[in-house]
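Peer 1: Provided below for reference: sequence and predicted model.
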Amino acid sequence: MSLEQTDGQKVYTNDDDSEEPEIDRGLFEAWAAKTIKNPKRTYKALFYTATIFFLVTTLFPFYWLFMVALTPRRNLQDVGLVPSGFDPSLLAQGDLTMGTNPGVFLEVFTIIPFHRYMFNSFVIATVTTIVVIIVASLAGYVFGRLRFPGKGPLMLLVLIVSFFPPAAFFIPLNDLFNTNIDILRPILADGSLYNTPYAMVVPFSAIFMPLSIFILTTFYSQIPDGLEDAARIEGTTRLGALFRVIMPLSAPGVATAGVLTFIAVYNEFFFSFLMTDGSADNWAPIVDGILQYQGQYEVLFNVMAAASIVGVLPVAILVVVAQEKIVSGLTAGALKE
Amino acid sequence: MATDHTNSPAETGADSGGVFSGFLTWMENLSEAAYAYLLLIPGFLLLALVAFYPLLSTLRMSLLADETRGAEPLGGFVGLENYIDVFTGDTRLSRQVIDVALTSDFPFLELGTPFFRQALFVTLAFAILSVLFETIIGFGQAMVLNQEFEGRRWVRVAIILPWAIPIVIQGMLFFLMFQPTVGFGSEIMQSIGLFGDNPLASSRDSFIIVLVADIWKTSAFMALLILAGLQSVDRSLYDVAKVSGATPWQRFKLITLPIVMPALIVAMLFRTMDAMRVYGIIESTASCSTVPSMTCLVIDGLFGGTRIYGTAAAVAFLTAALIGVFIAVYLAKFRDSEGGFM
């Protein structure tokens, strides 16, 4: 049988031990010869291995989190690749959940007002984004299109802010926001900014503004002068030219800066965690919401997992929709700096 | 003029419009430089309130004595005493910033407290290791994304996704993964002998968890910046190299690497700055007392058992100084070689 066969096929038989090394080499040599003749094959194999590796390492944690969420609480000791207790045959008996626990996604909102925390995060992120876009537009226009003395040092000053750790800003800001300021009394209950969205919007606007300034500087500087001049001759004011001509023409850049600011604020930990007392009615964002589940008297791992998934959804959708903007924004902004 | 002698509300409206249009006219007539400074005012006001003033104020606080009781949290001027105390370990912080003694034997240093309980070492080790691994993995991801293939868009989404999730959720994810009851991570690490019995309570094991969590989340950032560098490589260079018989490794070393280098250095600089400030992921997985970073100690000084604002401010400024040193090293080392990235 095997002895009459060709070298390449002999490897599948092992009835002749003495010949095995040579057979092995034959196979390896055949493989090596193939590779040398066609190196693209090897690269392709390498490429697919790497791609699959990266896909698994980035996505598996999310998948596992989903499985933890769906596992009924009594089975949490053994979460596997499917929720423990998962049994498709239950479907035949009319049990649509198939032994899993999708109700956990409702529990997320009943144990603590998680929707309120998410709403707070949305409001804070949206307001910050609007403030950043307006203020950074003015600065980006100046740095990108105007010539004036002191431009370099002023840009450097903006950049320097991003070198400092938030901890270095935090102590005085915390003091400042806890001070009762009389002129604020008409709008705020006790005149202090602590436990209001402003305590987060103000620091976030300053901290995330430098990146937007650099992105918008790049985009605004690329609009041809002729278009601005034409608008000015038509009778537009200087500010009008910025907001009615340059900004709309740089819409992709503005969207990029907006998306990155929104994600950065939504994801921020430091100020979000420390600038409120953690109660939903006091504008605490999702950071405090998620951590609340850790502090429950009963350990609710499946609810923690479900809340995490709910919290990730908005940014996940944003990433799918705006991935080009994120890529171009990060590279344009960072490489500019 | 019809409106000259009427006294209707319309005129008041026209008046305020006059003020506004007067402002616009005034703005129209400004010189380019004056207009530039005017538009920069809002941005710099914001920066002054949130960045410049607090920075200077923190610097001042770090030179004042701690007042642990009494109405005022800060005492008189003590000069650099807070900084010296931080280095000698003579503070009320729950963890030491640095605690080593010189000895006569090799390696001439003796650790007073375990390595992973000293904030300076934790912060430095975290910054160096995370940036190293993120660079390697990010490079791999960028090489994959630099190919043309079916479904590239979705692979890119998958790679960016960890970068885009909130830190607190990243923390929760890794807390659950290494939590002994639900998680599988600790079992795997224990079976290969890396972790002890209770990883989330052990400083060394928790450090590794925090490190893995950070690498998982931020490799994508490195990948995107490196990808930008890769895409600026002129493809015809590869063709020329291929014709001259360069091996793939030579092509990588002699063409890809030098062109990607500036982007790579900027990316590493950004990541190092960020890694030195690590706080959120520690607080939401292992807690600050297990893995004390520099920022953790600042918060500890403010909200911990005793109120030590002066010391906390000194630690905050030391963190900033540490970041400054790293930036200076990066710039000094790479500025001349690659010019033009700042």
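Peer 2: In hand now; what should we look at?

Peer 1: What's the separation between B:Ile215 and B:Ile167?
Peer 2: Noted for B:Ile215: a distance of 14 Å to B:Ile167, by Cβ to Cβ, to the nearest Å. To be clear about C-beta, it is placed using only N, CA and C from the backbone, and glycine gets the same treatment.

Peer 1: Likewise for A:Phe177?
Peer 2: 22 Å.

Peer 1: what about those two, which has more around it?
Peer 2: Neighbour count, other Cβ atoms under 10 Å in any protein chain shown: between A:Phe177 and B:Ile167, B:Ile167 has more, with 23 against 19.

Peer 1: isn't the more buried one right up against A:Glu268?
Peer 2: Yes - contact criterion Cβ atoms under 8 Å: B:Ile167 and A:Glu268 qualify, at 7.4 Å.

Peer 1: Please enumerate the shared neighbours of the two.
Peer 2: A:Val287 (Cβ atoms under 8 Å, 6 or more residues apart in numbering or on different chains).

Peer 1: Return the residues in contact with whichever residue of chain A sits closest to chain B.
Peer 2: Among the residues of chain A, A:Phe269 lies closest to chain B, at 2.9 Å counting by Cβ to the nearest Cβ. Counting by Cβ under 8 Å, 6+ apart, A:Phe269 makes contact with A:287, B:166-168, B:279-281, B:283-284.

Peer 1: where does the stretch 51-200 of chain B come near chain A, residue by residue?
Peer 2: Selection of the stretch 51-200 of chain B residues close to chain A by Cβ under 8 Å from any Cβ of the partner chain yields B:51, B:53-55, B:57-58, B:61, B:140-141, B:143-144, B:147, B:149, B:153, B:155-162, B:164-169, B:172-173, B:175-177, B:179, B:181-182, B:184.

Peer 1: How about stretch A:151-161, which residues are buried there?
Peer 2: A:154-155, A:158, A:160-161 (16 or more other Cβ atoms under 10 Å in any protein chain shown).

Peer 1: Which of those residues fall within helices?
Peer 2: Judged by DSSP state H, the subset of the buried residues of stretch A:151-161 located in helices is A:154-155, A:158, A:160-161.

Peer 1: For chain B, tell me which of those residues show up nearby.
Peer 2: A:154, A:158, A:161.

Peer 1: Wait, the second one touches A:Phe208, no?
Peer 2: No - using Cβ under 8 Å, A:Val158 is not in contact with A:Phe208; the gap is 12.0 Å.

Peer 1: Next up, the contacts around whichever residue of the stretch 151-300 of chain B sits closest to chain A.
Peer 2: Closest contact between the stretch 151-300 of chain B and chain A, by Cβ to the nearest Cβ, is at B:Gly280 (2.9 Å). Residues counted as contacts of B:Gly280 (Cβ under 8 Å, 6+ apart) are A:269-270, A:273, A:287, B:167-168, B:171.

Peer 1: Among the residues you listed, which ones are in helices?
Peer 2: Counting by DSSP H, the contacts of B:Gly280 contribute A:270, A:273, A:287, B:167-168, B:171 to helices.

Peer 1: quick check, nearest of these to A:Phe105?
Peer 2: Using Cβ to Cβ, B:Val168 is the member of those that lies nearest A:Phe105, at 18.5 Å.

Peer 1: Do I have it right that the closest one meets A:Val287?
Peer 2: Yes - counting by Cβ under 8 Å, B:Val168 does reach A:Val287; the two are 4.5 Å apart.

Peer 1: okay, and the common contacts of these two?
Peer 2: By Cβ under 8 Å, 6+ apart, the residues touching both B:Val168 and A:Val287 are A:269, A:273, B:280.

Peer 1: Make CSV out of those residues and add distance to B:Gln118 and pLDDT.
Peer 2: Listed next are the shared contacts of B:Val168 and A:Val287 as CSV, based on distance: Cβ to Cβ, whole Å; pLDDT from 0 to 100:
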residue, distance to B:Gln118, pLDDT
A:Phe269, 23, 89
A:Phe273, 24, 86
B:Gly280, 21, 88
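
Peer 1: Nearest to A:Lys325 among the residues you listed?
Peer 2: A:Phe269 (23.4 Å).

Peer 1: Need the nearest residue in space to that closest one, chain neighbours excluded.
Peer 2: Nearest residue to A:Phe269 in three dimensions, chain neighbours excluded: B:Gly280, at 2.9 Å (Cβ to Cβ, 6 or more residues apart in numbering or on different chains).

Peer 1: go on, B:Gln250?
Peer 2: Distance criterion Cβ to Cβ, 6+ apart; nearest residue to B:Gln250, sequence neighbours excluded, is B:Ala241 at 7.2 Å.

Peer 1: so how many other residues sit close to that neighbour?
Peer 2: 17.

Peer 1: Give the helix, strand or coil label for it.
Peer 2: Three-state call for B:Ala241 (DSSP: H, G, I helix; E, B strand; the rest coil): helix.

Peer 1: hang on, isn't A:Leu239 packed against B:Phe23?
Peer 2: No - counting by Cβ under 8 Å, A:Leu239 does not reach B:Phe23; the two are 10.1 Å apart.

Peer 1: elements contacting the strand or helix carrying A:Ile263?
Peer 2: In the assignment (DSSP states H and E), A:Ile263 maps to helix A:251-267. Counting by 3 or more Cβ pairs under 8 Å, 6 or more residues apart in numbering or on different chains; DSSP states H and E, the packing neighbours recorded for helix A:251-267 are helix A:114-145, helix A:198-221, helix A:301-336.

Peer 1: B:Asp300 is nearest to which of the ones you listed?
Peer 2: Here helix A:198-221 is closest among the helices and strands packed on helix A:251-267 (Cβ to Cβ), at 20.6 Å.

Peer 1: about what we covered before: what is the nearest of the ones in helices among the buried residues of stretch A:151-161 to A:Phe53?
Peer 2: The closest of these, once distances to A:Phe53 are taken by Cβ to Cβ, is A:Val161, at 37.8 Å.

Peer 1: Next, give me the two most distant ones among the contacts of A:Phe269.
Peer 2: Using Cβ to Cβ, the contacts of A:Phe269 span at most 13.9 Å, a distance reached by B:Pro166 and B:Tyr279.

Peer 1: More neighbours: which of the two?
Peer 2: Neighbours were counted for B:Pro166 and for B:Tyr279 using other Cβ under 10 Å; B:Pro166 has more, 26 against 22.

Peer 1: Could you check how far that one is from B:Asp274?
Peer 2: 15 Å.

Peer 1: ok, now A:Pro39?
Peer 2: 39 Å.

Peer 1: tally of neighbours for residue 138?
Peer 2: No chain specified, so I'll use chain A. A:Leu138 has 21 nearby residues by other Cβ under 10 Å.

Peer 1: looking at chain B here, not the other one
Peer 2: By other Cβ under 10 Å, neighbour count at B:Gly138 equals 27.

Peer 1: So for the helix or strand in which it is found, what gets flagged as buried?
Peer 2: Element membership for B:Gly138 (DSSP H and E) is helix B:119-145. Judged by neighbour count (16+ other Cβ under 10 Å), helix B:119-145 contains these buried residues: B:119-124, B:126-127, B:129-131, B:133-135, B:137-145.

Peer 1: I'd like the next helix or strand past that helix.
Peer 2: Assignment by DSSP H and E places the next element after helix B:119-145 at helix B:152-164.

Peer 1: and that following helix, what other elements does it pack with?
Peer 2: helix A:39-70, helix A:301-336, helix B:119-145, helix B:203-231.
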